[in-house]
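Asker: The following comprises the amino acid sequence and a computationally predicted model.
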Amino acid sequence: MEYAIVEKKNHLAVHGIFDTRDRAEAFLRETIPMHVARSYFMDKTLRADSFEVIPYAPKRRERS
């Protein structure tokens, strides 16, 4: 299973996809606060606590 870092208020805003929950949580804990502090996000209202890790399983389209 994969995991995604998303905005809490908008789960469609995916900021990263990871192969393990540990890697996603480490990125959330270590990298996201740095990106917020350096104003990397266009949405300046985002804070380090504006993100969460969720299981990520995109729907696969069948090829015709």
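Answerer: Happy to help now that I have it.
Asker: can you list the residues that contact the longest strand along the chain?
Answerer: Here the longest strand in the chain is taken by residue count, with DSSP state E as the criterion, and it is strand 10-18. Contacting residues not belonging to strand 10-18 are listed as Glu2, Tyr3, Ala4, Ile5, Val6, Glu7, Ala24, Phe27, Ile32, Phe51, Ile54, Tyr56 [C-beta atoms under 8 Å, 6 or more residues apart in numbering]. Yep, even glycine has a C-beta here, placed from its N, CA and C like the rest.
Asker: quick one: which of those is nearest Lys44?
Answerer: Glu7 (13.4 Å; C-beta to C-beta).
Asker: which residues sit in contact with that closest one?
Answerer: Counting by C-beta under 8 Å, 6+ apart, Glu7 touches Ala13, His15, Leu46, Ser50, Phe51.
Asker: 7 Å instead, please
Answerer: Contacts here follow C-beta atoms under 7 Å, 6 or more residues apart in numbering; on that basis Glu7 touches Ala13, Ser50, Phe51.
Asker: do the same with Ile54
Answerer: Ile54 touches Tyr3, Ala4, Val6, His11, counting by C-beta under 7 Å, 6+ apart.
Asker: Show me the shaky parts of this structure.
Answerer: Low-confidence segments of the chain, defined by pLDDT under 70, are located at 64.
Asker: can you map out the strands along it?
Answerer: Using DSSP E, strands in the chain cover 2-7, 10-18, 51-56.
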